[in-house]
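Visitor: below are the sequence and a predicted model for it; my questions follow.
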Amino acid sequence: QVQLVESGGGLVQPGGSLRLSCAASGFRLDNYAIGWFRQAPGKERERVSCISSRSTIYADSVKGRFAISRDNAKNTVYLQMNSLKPEDTAVYYCARRYGLCSASGSGYDYWGQGTQVTVSS
């Protein structure tokens, strides 16, 4: 059974850091890309980053602040978020896509349940 479980969200002050984890089970990461998405109330879902065996992708809004990585041995993908801003507040989801990251952000077939990130003083 394919599962993606996010963890690591929470409340942090502006300028702070969080590391999100996406633990995958039921499949091996080797052949899949994992994307991190976020959705804030009243806003459309946005892909913030993606990692595959060949590349990493970042949204302009997080470049230089977020870093995605993967540990195939642990079947886990991480999203290190630094210099957090109030506008980063959202529910963050990870999702899998067979093969490589897509430029359009489409093609993801399994999603996690999400973890809340709140950036506020």
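Guide: Done, it's in.
Visitor: and K85, backbone torsions?
Guide: phi -120, psi 160 (degrees, to the nearest 10).
Visitor: for the remainder of this discussion, apply numbering that starts at 251.
Guide: Renumbered: residue one is now 251, and that last one reads K335.
Visitor: per-residue pLDDT, it?
Guide: We note a pLDDT of 98 for K335 in this prediction.
Visitor: quick one: contacts for it?
Guide: Applying CB atoms under 8 Å, 6 or more residues apart in numbering, we find K335 in contact with P264, V369. In short, each C-beta sits where N, CA and C put it, glycine included.
Visitor: quick one: contacts for the residue nearest to L261 when sequence neighbours are not counted?
Guide: Using CB to CB, 6 or more residues apart in numbering and skipping the chain neighbours, the partner closest in space to L261 is T368 (4.7 Å). Neighbouring residues of T368 by CB under 8 Å, 6+ apart: G259, G260, L261, V262, T339.
Visitor: partner residues bridging the second one?
Guide: Read it as G260. V367 (DSSP bridges).
Visitor: tally of neighbours for it?
Guide: 13 (other CB atoms under 10 Å).
Visitor: from K313, how far off is it?
Guide: According to CB to CB, to the nearest Å, G260 and K313 sit 23 Å apart.
Visitor: over to the third one?
Guide: Distance of L261 to K313, computed by CB to CB: 24 Å.
Visitor: repeat that for the fourth one.
Guide: Between V262 and K313 the computed distance is 20 Å (CB to CB).
Visitor: all strands for this protein, in order.
Guide: Per DSSP state E, the chain carries strands over the ranges 253-257, 260-262, 268-275, 282-289, 296-301, 306-308, 316-321, 326-331, 340-348, 360-361, 365-369.
Visitor: packing partners of the shortest one?
Guide: The reference is to strand 360-361. strand 253-257, strand 340-348 (3 or more CB pairs under 8 Å, 6 or more residues apart in numbering; DSSP states H and E).
Visitor: for it, give the mean pLDDT please.
Guide: 96.
Visitor: sheet-wise, list the partners of it with their directions.
Guide: Next to strand 360-361 in the sheet, as set by DSSP bridges, lie strand 340-348 (antiparallel).
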